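Chemist: Structure for this input, please:
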Amino acid sequence: MKNNRRDFLKLAGLAGVGITGSALLPGCATTKAAVPTDIIRRQAGKTYHQQFNMSGYAAPKIDTVRIGYIGLGNRGSAAVERITYIQGIEIKGLCDIRPEMIAKTKKRIEGSGYNPNEYTGSADAWKQLCERDDIDLIYIATPWHLHTPIALYAMEHGKHVATEIPAATTVEDCWKLVETSERTKKHCVMLENCCYDFFEMLTLNMARQGFFGEIVHCEGAYIHHLLESLFSKDARYDLWRLKENTKRNGNLYPTHGLGPICQVMDINRGDSMEYLVSMESNDFMMHDKAVELAATDSSYKPYVQAHFRGNMNTTSIRTRKGRTIMLQHDVTSPRPYSRIHLVSGTKATAQKYPLEPRIAINHEGWVSPEEFKKLEERYTPDIVKKIGEMAKKVGGHGGMDFLMDWRLIDCLRNGLPMDMDVYDAAAWSVIGPLSEWSVANRSGSIDIPDFTNGAWQHNKPVDISLQQGGTTGVRNKK
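Modeler: Numbering: from 1, shown residues only. Predicted coordinates for the structure are as follows:
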């Protein structure tokens, strides 16, 4: 079926945005796809024969998790430092195309007792790290276009994978991740840290215990003013994220908002996303910024001719059980940060942004701060009770990064299923390319692939109660 799907892509000439990864005309982020909607929809929803169900899969226990890190920019170097506070791990190797980033990362972990090998000097030095026999987990924090090739290579060489978001940027790469994870029986976990933020964990536990009743509708977003940093040569290697915004037009970064609400809605474990429609505004800021910078720095002149993605993308999703999701993405407008995180059920509602997290029961308005505190004490999950205070001390977006890393290691050490498996990595990431196609086709609807091949109907939610696991220790911050 894999060959059939790829043959179909070639035969149909799928020029839909993001579907093949080479759909856009040079420098254009708004080219209309030429293939009829119904053909794209059939292909996007195509099923295949599942080789092995990775949902709920418990890999053999690993007493000491040996880790190799690839990509040591802001995210990667911070991840290396965080992991030194978790017991039961070894840092075996560090890889970055820039040797100075390895040196800076080693400086951050001085005194930890770890002296990992270095891999640098070429664009594919990461392959040497993946090929080592004494590594259990490859941790990927590179630019987006490298996530899938590194993950595939690592799994083929017997390694579990944890990759930064998004796991893939094309439909075909999402399928490759699923097929490879199933065939090798290696975990492919997306590092969606927002699933481990404290209010998100609280609402997940509340949903699991029926507090909201039936979930009807959820909203998520990534609204984050990054205009200056997108154009900063110091913020990201080779302006890679700015380049992403010149060749793709859709929700390029869906998972911060989508991941937590997918867990609340038991997506891939009782329900499944069925189709989406997506609409994008024009660009009102990035072109002007390019013109401003090019006036004093000629290296920005090529961007004056670029066609940037719009400021705001709004994507609506319907699930197979008839529930709805609204996602937004805006990284250039001067708005306060927001991931929205709204959970609306038949009995109660919760919303994180703006201002302070809030909960409402029935239609009676938001509960008082005192009642909110009681609900928080009642529904705070065990993982937060056990690791939350330590996470806040270590840091990483307020502690959610440390919670994510600790949970990943604890599951590997105890042979437990992952909170976020390869089907989540694929389903959450595929919203990017599918939203691009919809935007390019006047917000046409497009089916979302069922990467579980129907297994979502009997897959079970992952237990977050720590009745199993929770044995991994932590080191106190100095």
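Chemist: which residue is nearest the middle of this protein?
Modeler: residue 165 (3.5 Å; CA atoms, centre = their mean).
Chemist: I'd guessed it sits against residue 191; true?
Modeler: Yes - shown here, residue 165 and residue 191 form a contact pair, counting by CB atoms under 8 Å, at 6.5 Å. Where C-beta positions appear, they are placed from N, C-alpha and C, glycine not excepted.
Chemist: returning to that earlier point: and the residue nearest to the centre of the chain, what's its pLDDT?
Modeler: At residue 165, the pLDDT value in this model is 98.
Chemist: Could you report the distance from it to residue 350?
Modeler: 23 Å (CB to CB, to the nearest Å).
Chemist: The helix or strand that contains residue 67: how far from the chain's middle?
Modeler: Using DSSP states H and E, residue 67 falls within strand 65-70. Remark: strand 65-70 is offset 19 Å from the chain centroid, using CA atoms, centre = their mean, to the nearest Å.
Chemist: With stretch 353-371 instead?
Modeler: 28 Å.
Chemist: go on, stretch 388-406?
Modeler: For stretch 388-406, the distance to the chain centre is 17 Å (CA atoms, centre = their mean).
Chemist: who touches it?
Modeler: For stretch 388-406, the external contacting residues (CB atoms under 8 Å, 6 or more residues apart in numbering) are 78-79, 82-83, 85-86, 191-198, 200-201, 380, 383-384, 387, 472, 474, 476-477.
Chemist: swap the cut-off to 7 Å and go again
Modeler: With contact meaning CB atoms under 7 Å, 6 or more residues apart in numbering, stretch 388-406 is reached by 78-79, 82-83, 85-86, 191, 193-194, 196-198, 383, 387, 472, 474, 477.
Chemist: and if you look at stretch 463-470?
Modeler: For stretch 463-470, contacts defined as CB under 7 Å, 6+ apart pick out 204, 205, 381, 382, 383, 386, 410, 411, 414, 416.
Chemist: Name the nearest residue to the last one, ignoring sequence neighbours.
Modeler: Counting by CB to CB, 6 or more residues apart in numbering, the nearest residue to residue 416 once its immediate chain neighbours are dropped is residue 469, at 5.0 Å.
Chemist: Sketch out the helices for the stretch 351-478 of the chain, chain order is fine.
Modeler: In the stretch 351-478 of the chain, helices defined by DSSP state H, counting those that start in this stretch lie at 369-379, 382-394, 400-414, 422-429, 431-440, listed in chain order.
Chemist: Kindly report the same for the stretch 101-250 of the chain.
Modeler: So, for the stretch 101-250 of the chain - with DSSP H, counting those that start in this stretch - the helices run 126-130, 147-156, 171-184, 198-208, 227-230, 240-247.
Chemist: Show me which of the contacts of stretch 388-406 are buried.
Modeler: Buried residues within the contacts of stretch 388-406, counting neighbours by 16 or more other CB atoms under 10 Å: 78-79, 82-83, 85-86, 191, 193-194, 196-198, 383, 387, 472, 474.
Chemist: Which one of those residues is nearest to residue 51?
Modeler: Distance to residue 51 across these (CB to CB) is lowest for residue 191, with 24.4 Å.
Chemist: check contacts around the closest one.
Modeler: Residue 191 neighbours (CB under 7 Å, 6+ apart): 162, 163, 164, 165, 404.
Chemist: Including distance to residue 336, could those go into JSON lines?
Modeler: Shown next, in JSON lines, are the contacts of residue 191 (distance: CB to CB, whole Å):
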{"residue": "162", "distance to residue 336": "30"}
{"residue": "163", "distance to residue 336": "29"}
{"residue": "164", "distance to residue 336": "24"}
{"residue": "165", "distance to residue 336": "22"}
{"residue": "404", "distance to residue 336": "24"}
